[in-house]
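fold the following, please.
(4 chains, ligands or ions: 6)
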Amino acid sequence: MKQLHKKIDLSVDIGGLKMRNPVMAASGTFGYGEEYEEHVPIDHLGALITKGISLKPHSGNPPPRLVETTGGMLNAIGLQNIGVKALIKEKIPNLMKFGTPIIVNVFGSTLREYGEVARILDGIDAIKGLEVNISCPNIKRGGISFGTDPRQVFKVVSKIRKASALPIMVKLSPNVTDITTIARSAEEAGADVLSLINTLTGMAVDVDNRIPKLGNITGGLSGPAIKPIALRMVWEVYNKVNIPIVGIGGIFNTYDALEFIIVGASAIQIGTAHFINPSVAMEVINGLENYLRDNHIGTIQDLVGSLETPTFSIL
Amino acid sequence: MKQLHKKIDLSVDIGGLKMRNPVMAASGTFGYGEEYEEHVPIDHLGALITKGISLKPHSGNPPPRLVETTGGMLNAIGLQNIGVKALIKEKIPNLMKFGTPIIVNVFGSTLREYGEVARILDGIDAIKGLEVNISCPNIKRGGISFGTDPRQVFKVVSKIRKASALPIMVKLSPNVTDITTIARSAEEAGADVLSLINTLTGMAVDVDNRIPKLGNITGGLSGPAIKPIALRMVWEVYNKVNIPIVGIGGIFNTYDALEFIIVGASAIQIGTAHFINPSVAMEVINGLENYLRDNHIGTIQDLVGSLETPTFSIL
Amino acid sequence: MARVIFNRKISSDYYRMRILCPEIASRAKPGQFIMVRITELLDPLLRRPFGIHRLCHERDKHTDNNSPSCIEILYKIVGKGTIVLSEKKKGEGIDLMGPLGNGFYLEQNIETAVIVAGGIGVAPLFSLAQVLKGVKGKNTSRDKLTIFIGGENRKDILCLNDFKKIGARVVVSTIDGSLGTKGLVTDLLVNFLRKHSPLETKNLKLFGCGPLPMLRTLSEIAFYKNIPCQVSLESRMACGVGACQGCAVPTEINKEGDRVVLYQRACKEGPVFDSTIIFWDYKSILLKV
Amino acid sequence: MARVIFNRKISSDYYRMRILCPEIASRAKPGQFIMVRITELLDPLLRRPFGIHRLCHERDKHTDNNSPSCIEILYKIVGKGTIVLSEKKKGEGIDLMGPLGNGFYLEQNIETAVIVAGGIGVAPLFSLAQVLKGVKGKNTSRDKLTIFIGGENRKDILCLNDFKKIGARVVVSTIDGSLGTKGLVTDLLVNFLRKHSPLETKNLKLFGCGPLPMLRTLSEIAFYKNIPCQVSLESRMACGVGACQGCAVPTEINKEGDRVVLYQRACKEGPVFDSTIIFWDYKSILLKV
Ligand SMILES: Cc1cc2nc3c(=O)[nH]c(=O)nc-3n(C[C@H](O)[C@H](O)[C@H](O)COP(=O)(O)OP(=O)(O)OC[C@H]3O[C@@H](n4cnc5c(N)ncnc54)[C@H](O)[C@@H]3O)c2cc1C
Ligand SMILES: Cc1cc2nc3c(=O)[nH]c(=O)nc-3n(C[C@H](O)[C@H](O)[C@H](O)COP(=O)(O)OP(=O)(O)OC[C@H]3O[C@@H](n4cnc5c(N)ncnc54)[C@H](O)[C@@H]3O)c2cc1C
Ligand SMILES: Cc1cc2nc3c(=O)[nH]c(=O)nc-3n(C[C@H](O)[C@H](O)[C@H](O)COP(=O)(O)O)c2cc1C
Ligand SMILES: Cc1cc2nc3c(=O)[nH]c(=O)nc-3n(C[C@H](O)[C@H](O)[C@H](O)COP(=O)(O)O)c2cc1C
Ligand code: FES
Ligand code: FES
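Ligands and ions are numbered 1, 2, ... in the order given. This next block holds a predicted model:
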């Protein structure tokens, strides 16, 4: 079945984000790019999403910040970041040199802060889009995350929509009863793209000392353990919204990426897998190309949401 | 540090359920006992919970019904069960011979059905308690699960409370934004015990055929993958309710069981682990005894909720 | 704990493993299976089911004891579980549960038997042939037991000489014609049956194991020829003992005059079923198992 | 891919593994570490960090090339990752990332150095001693390099002869007194320093690696005696390259006149830190890492 090695076009344009391929590095797992410079040809990535940034610098949570779980890991890095001004001054110039689209992940602890961060980032040439992390505790509302209340989500996204002309990708929290209502709020408020999922809140205990294994008590679960949940959520949201979706959660190889695309993701992000296999993004990019070629599929777009579901059942 | 081999008392009484130890077999993973008869000394178990039972028999979901995921598995058995009457006639007599407390897991697709099943089971001597599965799709409300709406939970539990004098354990769904509000509804409606968590809804895709790997499209995720989420939820609920909690989710060994007890569970259930290691419950029972002895702790109760959390943090 | 006696690669993708497990071997019947724990770690998580391929004695212990002390499994590398299994070394411990399920139903006097195997489906059928051929020199005539073995190509045709050695007639087909007749094994079976009068096939029994489409065709042939046929089915399994209901196979049974669909457990009521009770129209879903 | 040259048990819980990895070995500095992928499967999931214990040449290839082709790690079995690692066989491939982190800072002329090791903390300190002793016969006087090694009992005292062989003075203590002086290794250090005049300790450098309480005491001793001290810290790691912020170590730095706490990455700014910048009061949490 060998055929001529036709070049497959993996490029995508999702909600104004143009990328040479649909494989991005997820926020918080790829630093500011420079950390993986030696290990990954960063210019091959579809896009690079920075660690979440807020108005002022934050020092983050007390250690321990990590714990391995079966098929996953919990992280409680907290809000640690250098603040939006330092990002622009110290990190963006270096990031630019990779020639990879940069998407800045933003968050705030108040509505206002979200807006301000977005405004400061608006008009900076190297930045091709914003990813809005709505899984952050809302200080005004007693620490309940913005991302679990559809009305709050609408407000946050509207605020950012007004503050920025950049493509806006809203990153959804999986810690909700019905992710589709949150997704629709974000869509109505003007999101261009939805990305999901962020981590699921979890916990681990040191039974010898009877203390939490994380300094922050709870943390966010990522990795292959959460993939089934992430897939289900992408599929649910795909059936309810009309804007493109970016799939995230436990993607470790080409098959995992394909699962997300087939249930409805127009692109994907890789997080935890980088830690275990820094070549993972390159392997997935090649793997997607091979899959398209082997299956005579012209573009990624033709694969998005191509899941066939059984049409009959037996009582 | 060898000391006299003092007999440790593992017995617990939670909300009227008296058990020789806090280790139960979880619903749907241990059949009706007889299936594991050859492989497990069933009389050593704290209690045995039957597969979920409804008023009428159900044939269940189309295959495939199982798929392995990293650190877990998805199941979509559906409602398959022989109906409450056949349970009483065909299964209970055999179950009684083990001398292990039997708890019947019940569900319905209408409020009324829940009540009727409970009423039919009331007064049967061998049955020591009911576990109410509220993660079932509510037909009247378009398939949304009872377990995600606090008002519905209140209604279901009240209905059962009226229909039965048995200890009632309400099994909570983890597919919710805030499990503590659901827990409190169940408590207010008269639940004696809460058990958590049931499975998280997930999905898997066969990328070669571009179809779901489960006949039912989605299924319930269980196993070690979900343990961090389950632990977090038990801890959250423990801090909000005054009735005993039974911890469930990915318990594979003594350490896992201890984690749940330390964050607030008075007893635990083992599910998926039986499939991999049929001796798991016996190992956990012995392990708990050894832990108590080694740590000079008198009873399990002294360990429940003994987590110490850090009292300071650095900005 | 059971112990690996050998674990040999027998052709590109196929391995044969002999395991010392007297408690399982002494009770095992053809068609039953074992659940193997692949690793003490949690990836892969679930046990994997394998048919009992062969019953035998440990080589260096020729005891008078008639009951076998070892079983063999014959397996194909298809994913991570079988890859890890193929790395097990001689002497290593291995965690098994078994024998599980209902094996083939064998009446006292089976006059003539025809076994149809597709690919790795041959695995449980060798132990069946062993038993059908009886213990000491019984049923030695080649006419009494015929084995049809089909596969994609010659590499997928296993156990040829083993079957010959126990005195069975062996008929082979491959899709690409690289060994035996080119074509489907079920087509050869149709030809074979055509040559026999209904009287001759009267006391014939059919046994099959292999890919679902093959088994379905086999079942149709048996139905039209009115020959009793038992098939061994595969299904995804978690517990292997009947506790989880995960391995459901749709069957059609008679209930108050109606044919109703009822799910039966491959691990408990099966994996061997009478071919007439399987609800084959379900194949569109089952095929993807 | 890197390849295992040997993987030896050196005492009950300790293993020594030599790995052929010229690209890493030729660039490695004492105090740096590698991240090892334990398995191709997903349990255990994360890579595990190990200090570079020793730089050396592959035995059977005595080339003129001065740069080492192999590294060794010395590791203690503490959980499933190290158990699986201990099962790796000679000749197997092994997936490494490295050399990572900042090693020990070595000025041109270190006159006298004192190394303090607790338990498995000795691992990265041997490569440090190798370098401190210089290449060809430099610093051969025993007075120039002293190693204090402490442990629970004699089994935890590793590399004794290795240090002696390269010409260092070795002082040993164990908690149970089964080898060397009974007691804490830091108490021996205090005695040792008491015997030296401030003038003598003026050009002394301290280096330490071991359990956190030991390092804290070491740091206090260094502070009171005003001796420069570098410590190598452990922390839970995920990426090992500075990307995840997971391995944060609290440090105290001067910011506009105030001492403020700042988290630094053990994998990037560390694992070796100047002992004065570590925020030791944090130990109550750190101890539980
Ligand atoms: C009763 C029974 C007896 C069997 N006997 C044999 C035998 O003797 N020799 C042999 O080689 N194989 C046998 N199988 C199939 C064998 O269990 C699977 O090939 C094996 O579990 C695959 O594991 P894996 O991790 O290598 O593959 P995976 O990575 O899990 O899957 C690879 C492929 O194998 C299929 N598969 C996985 N698990 C199962 C399963 N439980 N049942 C059916 N298909 C599955 C999947 O659809 C997938 O396409 C039997 C199956 C059953 C149910
Ligand atoms: C920079 C650095 C260098 C190291 N060098 C060495 C070395 O040369 N030799 C050596 O034996 N060990 C070294 N360690 C510690 C080693 O990484 C851990 O012992 C190992 O990861 C444990 O893996 P495991 O799966 O066996 O244990 P696990 O089952 O993961 O854990 C068992 C115990 O080890 C502790 N632990 C687990 N992971 C880490 C970690 N990343 N850092 C610290 N403690 C951990 C846990 O608290 C737990 O108590 C080093 C650690 C770091 C950060
Ligand atoms: C160490 C770590 C830090 C993270 N930091 C952020 C962050 O700052 N902002 C954000 O939106 N998501 C953050 N995430 C979530 C990831 O971007 C991603 O959504 C999640 O890890 C699931 O994907 P994965 O399973 O591929 O890792 C972080 C994840 C990890 C593991
Ligand atoms: C095959 C299977 C069937 C199950 N059936 C039921 C059921 O009928 N009723 C119920 O309340 N929970 C059911 N569960 C959920 C388990 O009781 C348990 O809550 C869940 O599996 C998490 O625990 P584990 O990780 O230990 O398996 C089922 C789980 C599995 C794996
Ligand atoms: S595999 Fe569990 S019932 Fe068959
Ligand atoms: S381990 Fe990721 S930053 Fe250090």
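
going forward, measure contacts between C-alpha atoms and count neighbours the same way
Fine.

quick one: name the residues of the stretch 101-250 of chain C near ligand 1.
Taking CA under 6 Å from any ligand atom as the test, the list of the stretch 101-250 of chain C residues beside ligand 1 reads C:120, C:123-124, C:234-237.

just give me the neighbour total for residue 238.
Using chain A here. Taking other CA atoms under 10 Å in any protein chain shown as the neighbour definition, A:Tyr238 ends up with a count of 22.

looking at chain C here, not the other one
Residues near C:Ala238, counting by other CA under 10 Å, number 30.

same check on C:Ile73?
Using other CA under 10 Å, the number of residues around C:Ile73 comes to 20.

again, but for A:Ile124
For A:Ile124, the count of nearby residues is 11 (other CA under 10 Å).

over to A:Asp208?
A:Asp208 is surrounded by 11 other residues when neighbours are defined as other CA under 10 Å.

doesn't it lie inside a helix?
No. Counting by DSSP: H, G, I helix; E, B strand; the rest coil, A:Asp208 is located in no helix; its state is coil.

which pLDDT does the model give it?
pLDDT, the model's per-residue confidence, is 96 for A:Asp208.

what of C:Glu252?
Model confidence at C:Glu252, given as pLDDT, is 88.

what helices or strands is the host helix or strand of it leaning on?
For C:Glu252, the enclosing helix or strand under DSSP states H and E is strand C:248-255. Based on contacts counted as 3 or more CA pairs under 8 Å, 6 or more residues apart in numbering or on different chains; DSSP states H and E, the elements that strand C:248-255 packs against are strand C:258-265.

how about the strand it packs on, does it get close to ligand 5?
Yes. Residues of strand C:258-265 contacting ligand 5 under CA under 6 Å from any ligand atom: C:Arg265.

just checking: what are the partner strands of that strand?
The sheet places strand C:258-265 alongside strand C:248-255 (antiparallel), with pairing taken from DSSP bridges.

gap between C:Thr201 and D:Pro198?
To D:Pro198, C:Thr201 is 106 Å away according to CA to CA, to the nearest Å.

more neighbours, these two?
Taking C:Thr201 and D:Pro198 together and counting by other CA under 10 Å, C:Thr201 has the greater number of neighbours (18 against 14).

that one contacts C:Ile227, doesn't it?
Yes. Under the contact definition of CA atoms under 8 Å, C:Thr201 touches C:Ile227, with a separation of 7.3 Å.

what about the strands in the stretch 1-150 of chain A?
A:12-14, A:17-19, A:23-25, A:47-49, A:66-69, A:72-75, A:102-106, A:127-133 (DSSP state E, counting those that start in this stretch).

typo on my end, the stretch 201-315 of chain A
A:205-206, A:211-212, A:218-222, A:245-248, A:267-270.

with the stretch 151-289 of chain C instead?
In the stretch 151-289 of chain C, the segments counted as strands under DSSP E, counting those that start in this stretch are C:169-174, C:181-182, C:204-209, C:229-232, C:248-255, C:258-265, C:272-274.

for the nearest residue to A:Gly143 once chain neighbours are set aside, what are its contacts?
Counting by CA to CA, 6 or more residues apart in numbering or on different chains, the nearest residue to A:Gly143 once its immediate chain neighbours are dropped is A:Pro137, at 4.5 Å. Contacts here follow CA atoms under 8 Å, 6 or more residues apart in numbering or on different chains; on that basis A:Pro137 touches A:109, A:143-146.

how many residues are close by the closest residue to C:Tyr14 other than its chain neighbours?
Excluding its sequence neighbours, the residue lying closest to C:Tyr14 (CA to CA, 6+ apart) is C:Lys76, at 4.5 Å. Residues lying near C:Lys76 (other CA under 10 Å) number 19.

now do C:Lys76 against C:Arg18, distance only.
15 Å.

with A:Asn239 instead?
51 Å.

more neighbours, those two?
Taking other CA under 10 Å, A:Asn239 and C:Arg18 do not tie; C:Arg18 has more neighbours (23 against 13).

need the contact list for the closest residue to ligand 2 within chain A.
Shortest chain A-to-ligand 2 distance, computed as CA to the nearest ligand atom: residue-wise this is A:Glu68, at 7.3 Å. With contacts defined as CA under 8 Å, 6+ apart, A:Glu68 is in contact with A:74, D:45-46.

what does the strand holding C:Glu252 rub up against?
Applying CA under 8 Å, 6+ apart, the set of residues contacting strand C:248-255 from outside is B:62-65, C:235, C:259-266, C:277-279, C:282.

apply 6 Å and report the result again.
C:259-265, C:277-279 (CA atoms under 6 Å, 6 or more residues apart in numbering or on different chains).

make CSV from these and add distance to ligand 2, neighbour count and pLDDT to it.
Converted to CSV, these look like this (distance: CA to the nearest ligand atom, whole Å; neighbours: other CA atoms under 10 Å in any protein chain shown; pLDDT from 0 to 100):
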residue, distance to ligand 2, neighbour count, pLDDT
C:Arg259, 55, 11, 79
C:Val260, 52, 16, 81
C:Val261, 49, 19, 84
C:Leu262, 46, 21, 90
C:Tyr263, 42, 22, 94
C:Gln264, 41, 22, 95
C:Arg265, 38, 24, 96
C:Ile277, 50, 15, 93
C:Ile278, 48, 22, 93
C:Phe279, 48, 18, 90
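
find the residue ranges of the chain scoring beneath the pLDDT cut-off.
Reading this off chain A. In the predicted model of chain A, residues A:1-6, A:139, A:142, A:311-315 satisfy pLDDT under 70.

oops, wrong one, chain C.
Judged by pLDDT under 70, chain C has its weakly predicted residues at C:59-65, C:135-143, C:282-289.

check contacts around the closest residue to ligand 5 within the stretch 101-250 of chain A.
Nearest to ligand 5, among the residues of the stretch 101-250 of chain A, is A:Pro228, at 20.7 Å (CA to the nearest ligand atom). Residues touching A:Pro228, when contacts are defined by CA under 6 Å, 6+ apart, comprise B:202-204.

so which of those residues is the most crowded?
Of all these, the most densely surrounded is B:Met203 (30 neighbours; neighbours counted as other CA under 10 Å).

who's that one bridged to?
With DSSP bridges as the criterion, B:Met203 is bridged to B:Thr218.

wait, it touches B:Thr218, no?
Yes. Using CA atoms under 6 Å as the test, B:Met203 is close enough to B:Thr218 to be in contact (4.8 Å).

in helices, which of the contacts of A:Pro137 fall?
With helices defined by DSSP state H, no entry of the contacts of A:Pro137 lies inside them.

can you give me the helices in the stretch 101-250 of chain A?
Applying DSSP state H, counting those that start in this stretch to the stretch 101-250 of chain A gives helices spanning A:111-121, A:150-163, A:179-188, A:227-238.
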